[in-house]
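Chemist: Provided below are the primary sequence and the corresponding predicted coordinates.
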Amino acid sequence: MLNIETGRYKMPILSVIAILSMSIVVNLPGLAISPVMGRLEQIFPHTSDLEIQLLSILPNLFIIPFVLLSGKLSVRKNKLTLSFIGLIIYLLSGIAYLFAKNMIFLIVISCLLGIGCGLVIPIAGGLLADYFFGAYRVKLLGIKSGIAVGTIVLANVFVGGTVDVNWHLPFIVYLVPIIPIALYPFLSKSYLSNHLVQNTQPVPDSVNTTQTTPLATQFTDEKKGQRMAIKLMLYYGLMTFVVLVITYYMPFRMQNANISDLLLGEVTGLYFFAMAIPGFILSSVIKMFKKHTILAGNIFLIIGLIISTLFTTALSFFVGAAFLGFGYGIIQPILYDKATNTTNNDKQSTQRFAILLAGNYIAIAIGPFIFKIIEAIIHEHSLLVPYFVSIMVMVGIILLNIIFHDSFVFSTKEYLKTTKT
């Protein structure tokens, strides 16, 4: 059987695929409901606007506490058991969506979906941190990020093609937990104990964890490491806040510019496709930009925002979405790895990963409300307000990046040796 090098072990490829398969479920909550929301008033005539909004908000609100709970429980409980429970809840929610008859039922299911997804999300990355080390971890976290985003691209195609047939059909995407559930036997203790092979030869310096993550070894003090994880969470939250303009405001600007709905779907697809690319070529990206890789990602983001703000042609929206997606895609897997490197305790790695991910979902849940508050304060209700706010946020982040270029959060110099293979 083909085995994959992890930095300490040789792991069966089926076990690696089983770990990576969890990533296909993490970004889907809220996706299938988006194309249906505009039709719910016709499907359920007495539906209020608040009920419709709850369908997209509640999954992310429930994800936040259960991401943190999963990270906390993973320190003492079996991670596989926790993720299996989460996947079962997720799958049952997907099945229930197919038989929903009223809005209350849809809202309750959305809450359960958030709970199931929240339990799985940190473990999907935590297991990679448990079994992969040094350059291998960086590479696999990049692939994980690419798979998670690539799944959104494929799911968007499916959802767009089925919503006109029957409004229940888009919810079929929530049945994907069947795949990681089916692969669970390849992660069992009995299977890994028989097939996980310990390295007998010394690991080269280029992939040795003590060589590739020098900054991580600073965090023998767990409290200091936790503070660093919180800083990463805040940064990740700001990145997500900035790119909300794509999902929440760009569609309305394109409609105002009389750009067809067909192109709207293609622009969104390009954004997610561009986000997926860096995950699969992360080593090459780091070789190119060296210790300034995160700064490069920030610059891609602000270029995308400026292009999308200043111009309203179809081409400008495509180019802006590509820059935004590529910039975000560069930063995301690096933050994943940095979060797991804020602790020297293997049992704490999933918890640190959970802290990071909480920033992402908090931004998704409260970002639109922050934009509304800012609009109310400045007495300006324009679709451009979120764009200008996002540009100012990025200017501040880039200045911090330049000033603190050698800090743990912004520097990627610890990865340079990992790319010299």
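Modeler: Noted; the coordinates are in hand.

Chemist: for the stretch 101-250 of the chain, which spans come out with low pLDDT?
Modeler: 199-220 (pLDDT under 70).

Chemist: What segments of it are strands?
Modeler: Secondary structure of the stretch 101-250 of the chain (DSSP state E, counting those that start in this stretch): strands located at 197-198.

Chemist: which stretches of it form helices?
Modeler: Per DSSP state H, counting those that start in this stretch, the stretch 101-250 of the chain carries helices over the ranges 103-131, 135-162, 178-182, 189-195, 209-212, 222-244, 250-256.

Chemist: which helices and strands sit right next to the fourth one?
Modeler: Using 3 or more C-beta pairs under 8 Å, 6 or more residues apart in numbering; DSSP states H and E as the contact definition, the elements that helix 189-195 packs against are strand 9-12, helix 13-21. Where C-beta positions appear, they are placed from N, C-alpha and C, glycine not excepted.

Chemist: what's the distance between the first one and the middle of its chain?
Modeler: With C-alpha atoms, centre = their mean, to the nearest Å as the basis, strand 9-12 stands 26 Å off its chain's centre.

Chemist: can I get the helices and strands packed on helix 189-195 in JSON lines with mean neighbour count?
Modeler: Output for the helices and strands packed on helix 189-195, formatted as JSON lines (neighbours: other C-beta atoms under 10 Å):
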{"stretch": "strand 9-12", "mean neighbour count": "18"}
{"stretch": "helix 13-21", "mean neighbour count": "20"}
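
Chemist: Reformat the ones you listed as TSV; add distance to residue 275.
Modeler: Listed next are the helices and strands packed on helix 189-195 as TSV, based on distance: least, C-beta to C-beta, whole Å:
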stretch	distance to residue 275
strand 9-12	27
helix 13-21	17
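
Chemist: between these, which one is nearest to residue 292?
Modeler: When the helices and strands packed on helix 189-195 are compared by C-beta to C-beta, helix 13-21 sits nearest residue 292, at 28.8 Å.

Chemist: Report the mean confidence score over that closest one.
Modeler: Helix 13-21 carries an average pLDDT of 92.

Chemist: any residues touching stretch 287-298, and which ones?
Modeler: 285-286, 327-331, 334, 394, 397-398, 401-402, 405-406, 409-413, 415-416, 419 (C-beta atoms under 8 Å, 6 or more residues apart in numbering).

Chemist: Can you tell me which of these are buried?
Modeler: Among the contacts of stretch 287-298, those classed as buried by 16 or more other C-beta atoms under 10 Å are 285-286, 327-331, 334, 394, 397-398, 401, 409-412, 415, 419.

Chemist: Is it possible to get a markdown table of the helices of the stretch 101-250 of the chain that adds mean neighbour count and distance to residue 294?
Modeler: Putting these into a markdown table (neighbours: other C-beta atoms under 10 Å; distance: least, C-beta to C-beta, whole Å) gives the following:
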| stretch | mean neighbour count | distance to residue 294 |
| --- | --- | --- |
| helix 103-131 | 24 | 18 |
| helix 135-162 | 21 | 14 |
| helix 178-182 | 16 | 30 |
| helix 189-195 | 12 | 34 |
| helix 209-212 | 18 | 17 |
| helix 222-244 | 19 | 9 |
| helix 250-256 | 16 | 24 |
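
Chemist: Figure out which of these is closest to residue 353.
Modeler: helix 103-131 (4.7 Å).

Chemist: and after the strand or helix carrying residue 358, which helix or strand comes next?
Modeler: With secondary structure defined by DSSP states H and E, residue 358 is part of helix 349-378. Using DSSP H and E, the next helix or strand after helix 349-378 towards the C-terminus is helix 385-403.
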